[in-house]
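[1] Could you look at this predicted model? Sequence included:
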Amino acid sequence: MSAHVDTHDHDDHGHHKETFITKYIFSQDHKMIAKQYLITGTIMGVIGVLMSLMMRTQIAWPGEPNVLFKALLGKWAPGGVMDADIYLALVTIHGTIMVFFVLTAGLSGTFSNLLIPLQIGARDMASGFLNMVSYWLFFISSLVMVISLFVASGPAAAGWTIYPPLSALPLAQSGSGMGMTLWLVSMAIFIASSLLGSLNYIVTVINLRTKGMSMTRLPLTIWAFFVTAIIGVVSFPVLLSAALLLIMDRSFGTSFFLSDIFIQGEVLHYQGGSPVLFEHLFWFLGHPEVYIVLLPALGITSEVIATNSRKPIFGYRAMVLSILAIAFLSTIVWGHHMFISGMNPFLGSVFTFTTLLIAIPSAVKAFNYITTLWKGNLQFNPAMLFSIGLVSTFITGGLTGIILGDSALDINVHDTYFVVAHFHLVMGISALYGMFAGIYHWYPKLFGRMLNKNLGYVHFWVTAISAYGVFFPMHFIGMAGLPRRYYTNSNFPLFDDLSNVNVLITIFALVGGVFQIVFLYNFVHSMFYGKRAPKNPWRSNTMEWTTEVEHIHGNWEGDIPHVYRWPYDYSKPGYEEDYVPQNIPLKEGEEELHH
Amino acid sequence: MTTFLTILVLVSITVAIWQMVKIFDLSRKPADDSEIATDQDNKVNGYMLLGFLIFIYLITIISFVLWGDLPLLSDAASEHGSDVDSLFILSLVIIFIVQTITQFLLHYFAFIYRGEKGKKALFFADNDKLEFIWTIIPVIVLAGLIISGLFTWTEIMTVDENDDPIVVELYAQQFNWKARYAGEDNVLGKANVRLIDLDKANILGVDESDLNAQDDIIVTELHLPVNRPILFKMRSQDVLHSAYMPHFRAQMNCVPGMITQFSFTPTITTEDYRMLPNIVEKVNNINKIRIKKSEKLASQGEEALDRYDFDFLLLCNKICGKSHYNMQMKIIVETEEEFNAWMAEQKTFAASLIQN
């Protein structure tokens, strides 16, 4: 099968004149689809970050009128004072947008689409049509999510975890009316999009690798995207089922998740359901989702660190095995989000065990990155800085996981700011850094131009300092017992001494948030003004740099190059240059070292 | 008209952008290496990374000095609390050591091996021994943590009925807490939200015909006798809530349709807890902040804040709707005599019902 697709697929298309619509809108070309994902993801990211800045402003200066609120929240901020309902809506939509729309679709969608065909040596995805459908479903789901912000009763406000009954009953919260309906519809479409994308990635990696590209010669990016897609296919359907059952409970009177409810003076008819069931279904996706977000970022980091260290990634085999181990373990740890949900305490013990196990492959990865730097010849391009930043936040954020994964300790910091600090560092910031690293590294491949490096340096350093400034102190207010998702802490004099910490955190957040403008400016400006990219700017080994800078449908003029070696022959003894691309045949007597 | 104008503006913007793109296309700059890191960039960023390592250490030290009086790590007010605290501190120490070392290696290597033209990196792709070492070290450390964690967890979650715990129901609703004591018989009467009868003031849906229910006592302030095991039974009437009692290292979700439980033994009365040096200091500090705030409020013609006195609290810690941020109940731990005296003043369920 692969041999046929391999050959002259692009000739069929080469003669057709592409119209604006087939080239830019309903494109089936993976490179254009990658750009579409990236730009949509970035726009959603701007919305998500703006929301977090509004929340931080409210937390630091609760109840104070603010022009920003007045302008952006309209009727939800009478006189510029934020309403408590909209605060919870911001919490909810910020989480949903960042986790799914930015760090799942924006990250995986962009780089899986761009890199899978280019790095394995394929003309395109296995199904260009499904790929296009996947993007447009993502676009529609983004649109529905954005529209949900404008409904009269307000957007969904039950937290991104949308636990019923809060999310099921409009009587419990105004956001659980039309806003929640749209949220569920949007997510159902999103999941369909994600599944189509993932199936395509899996099939492409398995079937369309060029000659010589054995699984053990795949770049770690591809390994990460491949395994991520598998996790997605395994776990996203479970969230879809949870969403559908919740829709049934909400609209058709079933009782999957609801029972014995008395609200606003009336007994509801629901009987026999359990919210704990929803929690199980939700976290069966929800925890693997962390790795769906993180693994692609780690894959990108592996590639960027090796290239810019001018050294082979240390322990290729261990890296692949740890990706596989993380993927497997990620599906059996979900219960650590539910230690105090009322499930049997024995289950808590089991999940503590599996959860702490996942620290082992994570530690292996961190050590391998550090060893890759050792005795390298490090080139601090912005992508490299973001990758080192990722390893740093991955360690800092990951380490506190051994507290949260330990059921006995989780009791006390569950749902406090300690958790918020932990997951923002280990998955939020880390994955975001991975995404930035990917953008800086592959911008030349995406747009044929270079990003301005000095703006990149400013972007990295301000972001790096403010990220630690925000999330490091946040652990401490968590350890002081401050619950998350509180509109204001002013009803608890107990927490009065934390208010100055909150102001400090907010200042760091505002600075970091505003400085993302530097990135946006660089991103948009360079598309038009940027220096034209050389063919292989980072002197990298992987196959995408053997294609021309100008995009063509089918990726390579003529035959697809064959692959003769693994992708990490940097600074290999016996070679003049410090890199040997994968399509260079082995010299006589040369050994392929890594296995 | 406005619609027409808007369309016109949008069209002209589109045309303008299209024209601009064309101009940029024509004036493309030729490809060169100027956006790729030079030795100078490597040097500057290498030093910056070293500086960043110092920044990470500094923010760690500052955080511990300024906010390191971590209320959740000392002065536990329950029997199991000190076990939790020592495990927490042990974990923190391990984290601190690993964090300090790995961040040092990461940033120091980045600094010392910053790139220079002509230098060649070491071709070092694999080493099974090293891989084995950093697999086995986490395994050993984590095994230790898992084992002690599991012992602590089992101990906390196991309810020993022989201890004769006082049974108290915590009842959650949007947005307040109630507590129901089991009364003389120490058996809670049956209850279900379907039995709620607001006309008769049966607000918790307690079964009026259940004999065990007659002596139940429903209150809005939680009193606990010191050094007696308490078994909490949690119930919610509407959405998920979470009963969070941070000073007792206790938390459990309240789930509509089921009863969850948590038990602990308070070890110190509110009076005594207020006398602890840490708490005295904390309260003084908080009152200083409140006085400052009050001055600001007074200048705006608003009411000043009350003086704060420490009390144990039960907080809602699961997002539950609009007023989630203000769902709390005071907990008072007192001596057995004080507790009994207080209890004697309360009305039983049977007596509190409105008969028509």
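    Arrived safely, thanks for sending. Keep in mind that what you see is a predicted model, and the values were worked out from it rather than measured.
[2] Pull out the buried positions in stretch A:284-302.
    A:284-302 (16 or more other Cβ atoms under 10 Å in any protein chain shown). The C-beta positions use only the backbone N, C-alpha and C, and glycine is treated the same way.
[3] Please work out the average pLDDT along that stretch.
    The pLDDT scores in stretch A:284-302 average 95.
[4] quick one: that stretch to chain centroid distance?
    7 Å (Cα atoms, centre = their mean, to the nearest Å).
[5] what are the C-alpha coordinates of that stretch, in CSV please?
    Only the C-alpha atoms of stretch A:284-302 are listed here, as CSV (Å, rounded to 0.1, in the frame of the first residue of the first chain):
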residue,chain,number,x,y,z
PHE,A,284,-10.5,8.4,32.4
LEU,A,285,-10.0,11.0,29.7
GLY,A,286,-9.0,13.8,31.9
HIS,A,287,-5.8,12.3,33.2
PRO,A,288,-4.5,10.9,29.9
GLU,A,289,-5.4,14.3,28.5
VAL,A,290,-2.5,15.7,30.6
TYR,A,291,-0.2,13.5,28.6
ILE,A,292,-2.0,14.2,25.3
VAL,A,293,-0.9,17.8,26.1
LEU,A,294,2.5,17.0,27.4
LEU,A,295,3.9,14.2,25.2
PRO,A,296,3.9,16.3,22.0
ALA,A,297,5.7,19.1,23.9
LEU,A,298,8.3,16.6,25.1
GLY,A,299,8.7,15.2,21.6
ILE,A,300,9.3,18.7,20.3
THR,A,301,11.8,19.3,23.1
SER,A,302,13.7,16.1,22.3
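[6] So is that stretch next to chain B?
    No. Stretch A:284-302 lies apart from chain B when judged by Cβ under 8 Å from any Cβ of the partner chain; the minimum separation is 12.2 Å.
[7] mind checking how far the one residue sitting closest to the centre of chain B is from residue A:482?
    When Cα atoms, centre = their mean is applied to chain B, the residue found nearest the centroid is residue B:317 (7.3 Å). Residue B:317 sits 10 Å away from residue A:482, going by Cβ to Cβ, to the nearest Å.
[8] Strands along chain B, start to end?
    B:166-173, B:176-181, B:217-219, B:222-225, B:230-236, B:241-245, B:250-254, B:260-264, B:312-316, B:328-334 (DSSP state E).
[9] Turn these into CSV, including distance to chain A, mean pLDDT and mean neighbour count.
    Shown next, in CSV, are the strands of chain B (distance: least, Cβ to the nearest Cβ, whole Å; pLDDT from 0 to 100; neighbours: other Cβ atoms under 10 Å in any protein chain shown):
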stretch, distance to chain A, mean pLDDT, mean neighbour count
strand B:166-173, 8, 96, 23
strand B:176-181, 12, 96, 20
strand B:217-219, 15, 95, 18
strand B:222-225, 16, 97, 22
strand B:230-236, 8, 96, 23
strand B:241-245, 6, 97, 27
strand B:250-254, 5, 96, 26
strand B:260-264, 4, 95, 21
strand B:312-316, 6, 96, 24
strand B:328-334, 7, 97, 19
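[10] Report the closest residue of the stretch 251-356 of chain B relative to chain A.
    Proximity of the stretch 251-356 of chain B to chain A (Cβ to the nearest Cβ) peaks at residue B:257, 3.0 Å away.
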